[in-house]
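In: build me a model from this:
(chains A and B)
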Amino acid sequence: MSKDETERVREQVDAVYRSESRQVLATLIRLLGDFDAAEEALHDAFAVAVEQWSRDGVPANPRAWLVSTGRFKAIDGMRRRARLDASLTELAKQLESRTSDAEQWDDGSVEDDRLRLIFTCCHPALPPEAQVAMTLREVCGLTTDEIARAFLTKPPTIAQRIVRAKAKIRDARIPYAVPSKTDLPDRLDAVLRVVYLVFNEGYSASSGGSLTRHDLSGEAIRLGRVLIELLPEPEAVGLLALMLLQDSRRAARTSPTGDLILLEDQDRSLWNRDQIAEGTSLVERALSSRRIGPYTLQAAIAAVHAQAPSAAATDWVRIVGLYDVLSQTDPSPVVELNHAAAVAMRDGPSAGLALIDAILARGDLGNYHLAHAARADLCRRLGRTAEARTSYERALSLTQQEPEQRFLKRRLAALSDQTS
Amino acid sequence: MKYMLLIYGDEQALSETERQECYTESTQLAHEINSNGQYLAANPLHPTSMATSVRVRNGKRLVTDGPFAETREQLGGYFLIDAKNLDEAIAIAARIPTARKGTVEVRPVIEIPGLPTE
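Out: Residues are numbered from 1 along each chain as shown, chains lettered A, B, ... in the order given. Okay, here's the model as predicted:
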């Protein structure tokens, strides 16, 4: 075979790896009952593919071929090791008979395997940071190095989280299963939380120099799409809508020098119209269900912003109304703060300030920089410059994120210009 | 697989009537899971004021009054169950009355060979 031909097959194998490897892995985990064995089998299967496909061509159903080859390799490996450890002979035999049924990798059960993998990686018995690492590693196929870079940690830290999580899955026997109907709402919440956490980590890094880490947000949106394809629950649809609508503003929310630009000051012509159109139609779909949850409500709020030609021309009455519903379904001080900011836009700064002061007086958001920044902004608009300065300074002392710090410093400098 | 469900709660929190109700409900639960073959053992424990802690250091026995650690919630009882997997064990743990006020810790049991059997 010519060199070009070999190159072409290799490219095909790479393409199949990108599109199929996660599904193949998900099925192999079910068949082999073990994450590590399944990963090894996946690698072996692709190694055989490179060799055999360049000789015989790519099979009609590469996924089924890979699962079957991976399974065979795993059983074969166990047989070879059985010469040293007799207990493996029985295990290999069991595995062979248990998984010989060809329909075990038909399309229906294979789709379920992807859900099984997602629910297992996001099992609440695993610590939250391990849920995130497992999801990115096993479901999205990111390497430990890539995950470590995205979360600004060291690769061994991530590797250790994954090793411990796999040990708990094995030893505490976390089932490889889609949860029962009764458990599904709670368990789906846990999955959505992980997806949104990944998105937010990409959208607004909690520390460090870069405000956006696009890769993670993109991964989260991809996950959101897989999820609603497999399990079209209203809140999953709502979360995908929310992520798309927030992501649509990505190009407008930072300046070329990496500085933060507030929603009201953004160049709306930079907003991604395709994402807005898709997000808005998903919001409508989620709202048409009778079960409206917090992600859907937040997406609905984002959709109102997305449709407004400017901050002033935004339908603030509708936004305040949506926050009212949100604070009933999912009450939290942060929701209250956002509600107060919307009231300030609808009824004027002093109405909003009274609400924020009430929240701060309760002591709930005393250490939350955005509460002080919001308060400062309303004081500034009311001409209460000294109070505005105190609150901006408080906000500045509470944030570690460089773009946020630069933004607050600019606001402080602007206050000095006003008074001098 | 065997799981130990360790039941933690504030041992001062229950009145005598509430304690009796808790026993009744737990006994009922034990019968329900026994009919599924999931029950192995269960018992409430006397309060930590009844506890004695024993350590042996350098061959010398140290016996002290009180529990291993002073905590806000105390170990007050246990269920030993046989469940297919962690989700099944969690489902049973959630039915223990104290789960509504305190905490039930689910611990998989290590099976070692050579222990006496009934």
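In: specify the local secondary structure of A:Ala313.
Out: Under DSSP: H, G, I helix; E, B strand; the rest coil, A:Ala313 falls in the coil class.
In: next, the contact list for the residue in chain B that chain A sits nearest to, please.
Out: Chain B approaches chain A most closely through B:Asn85 (4.0 Å), counting by CB to the nearest CB. Glycine gets a C-beta too; all of them are placed from N, C-alpha and C. B:Asn85 is in contact with A:173-175, A:177, B:1, counting by CB atoms under 8 Å, 6 or more residues apart in numbering or on different chains.
In: next: A:Ile118.
Out: Contacts of A:Ile118 by CB under 8 Å, 6+ apart are A:135, A:139, A:191, A:223, A:226-227, A:230.
In: if we use 6 Å, what do you get?
Out: A:139, A:191 (CB atoms under 6 Å, 6 or more residues apart in numbering or on different chains).
In: ok, now the one 5 residues further on?
Out: The contact partners of A:His123, by CB under 6 Å, 6+ apart, come to A:Ile174.
In: next one, pLDDT for it please.
Out: For A:His123, the pLDDT comes out at 96.
In: kindly report the same for A:Leu95.
Out: pLDDT, A:Leu95: 76.
In: mind listing what A:Leu88 touches?
Out: A:78, A:81-82.
In: circling back: distance of the residue of chain B closest to chain A relative to A:Tyr176?
Out: 9 Å (CB to CB, to the nearest Å).
In: from the contacts of A:Leu88, which one has the minimum pLDDT?
Out: Ranking the contacts of A:Leu88 by pLDDT, A:Ala82 lands last with 76.
In: give me the number of residues near that residue?
Out: Look at A:Ala82: counted by other CB atoms under 10 Å in any protein chain shown, it has 16 neighbours.
In: correct me, but it touches A:Thr89?
Out: Yes: contact status for A:Ala82 versus A:Thr89: in contact at 4.3 Å, counting by CB atoms under 6 Å.
In: in the stretch 151-300 of chain A, which residue sits nearest chain B?
Out: Closest approach between the stretch 151-300 of chain A and chain B, counting by CB to the nearest CB: A:Pro175, at 4.0 Å.
In: end to end, how far does stretch B:62-72 reach?
Out: 25 Å (CA to CA, to the nearest Å).
In: name the residues of it that are buried.
Out: B:Pro67 (16 or more other CB atoms under 10 Å in any protein chain shown).
In: that one - what's its average pLDDT?
Out: 89.
In: so the helix ranked longest in chain A, near chain B or not?
Out: Longest helix in chain A, counting residues (DSSP state H): helix A:3-32. No: counting by CB under 6 Å from any CB of the partner chain, chain B is not contacted by helix A:3-32; separation bottoms out at 13.7 Å.
In: I'd like to know which elements that helix is packed against.
Out: In this structure, helix A:3-32 packs against helix A:35-56, helix A:62-82, helix A:107-121, with contacts taken as 3 or more CB pairs under 6 Å, 6 or more residues apart in numbering or on different chains; DSSP states H and E.
In: between the ones you listed, which one is closest to A:Ser97.
Out: Proximity to A:Ser97, assessed across those by CB to CB, is greatest for helix A:62-82 (10.3 Å).
In: neighbouring contacts of that closest one?
Out: So helix A:62-82 is in contact with A:16, A:20, A:24, A:27-28, A:31-32, A:37, A:41-42, A:44-45, A:48, A:59, A:88-89, A:92, A:95-96, A:99, A:105, going by CB under 6 Å, 6+ apart.
In: drop anything exposed from those.
Out: A:16, A:20, A:24, A:27-28, A:31-32, A:37, A:41-42, A:44-45, A:48, A:59, A:88, A:92, A:95-96, A:99, A:105.
In: which positions in chain A make contact with chain B?
Out: Residues of chain A lying near chain B (CB under 6 Å from any CB): A:125, A:172-175.
In: quick one: which of those has the most company?
Out: A:Ile174 leads the residues of chain A next to chain B on contacts (other CB under 10 Å) with 22 neighbours.
In: one step back: and of the residues of chain A next to chain B, the nearest to A:Arg268?
Out: Nearest to A:Arg268 among those, with distances taken as CB to CB, is A:Ala125, at 44.4 Å.
In: output the below-cut-off pLDDT ranges for chain B.
Out: B:118 (pLDDT under 70).
In: now name the helix or strand holding the spatially most central residue of it.
Out: Of all residues in chain B, the one closest to the mean position by CA atoms, centre = their mean is B:Tyr78, 1.6 Å from it. Taking DSSP states H and E as the criterion, B:Tyr78 maps to strand B:74-82.
In: quick check: buried residues in stretch A:125-144?
Out: Result for stretch A:125-144 [16+ other CB under 10 Å]: buried residues A:125-126, A:130-140, A:142, A:144.
In: domain parsing for chain A?
Out: A:3-105, A:107-230, A:232-314, A:337-420 (automatic domain parsing).
In: quick one: which of these is nearest B:Thr27?
Out: Among the domains of chain A, if distance is taken as CB to CB, the winner is domain A:107-230, at 24.0 Å.
In: just to be sure, B:Lys41 is in a strand?
Out: Just to correct that, residue B:41 is Ala rather than Lys. Yes: under three-state DSSP, B:Ala41 sits within a strand.
In: residues near the residue lying closest to it once chain neighbours are set aside, how many?
Out: On the basis of CB to CB, 6 or more residues apart in numbering or on different chains, the spatially nearest residue to B:Ala41 that is not a chain neighbour turns out to be B:Leu80, at 4.3 Å. B:Leu80 has 14 neighbouring residues, counting by other CB under 10 Å.
In: OK, contacts around A:Asn304?
Out: Let me fix one detail, which is that residue A:304 is Val and not Asn. Contacts of A:Val304 (CB under 6 Å, 6+ apart): A:315, A:318-319.
In: got the contact list for A:Arg375?
Out: By CB under 6 Å, 6+ apart, the contact set of A:Arg375 is A:356, A:391.
In: for A:Arg285, that is, sorry about that
Out: Contacts of A:Arg285 (CB under 6 Å, 6+ apart): A:Val237.
In: do the same with B:Ala93
Out: Counted by CB under 6 Å, 6+ apart, B:Ala93 has contacts B:5, B:104, B:106.
In: that one and A:Arg79, how far apart?
Out: In terms of CB to CB, B:Ala93 sits 40 Å off from A:Arg79.
In: ok, A:Asn61 to A:Val67 distance?
Out: 10 Å.
In: who has more neighbours, the two?
Out: Counted by other CB under 10 Å, A:Asn61 and A:Val67 do not tie: A:Val67 has more neighbours, with 28 against 13.
In: chain B versus that one, what's the distance?
Out: 23 Å (CB to the nearest CB, to the nearest Å).
In: so what's the backbone phi/psi at residue 61?
Out: The chain I'm using is chain A. Per-residue torsions, A:Asn61: phi -120, psi 90 (degrees, to the nearest 10).
In: not quite, go with chain B.
Out: According to degrees, to the nearest 10, B:Arg61 has phi -80, psi 130.
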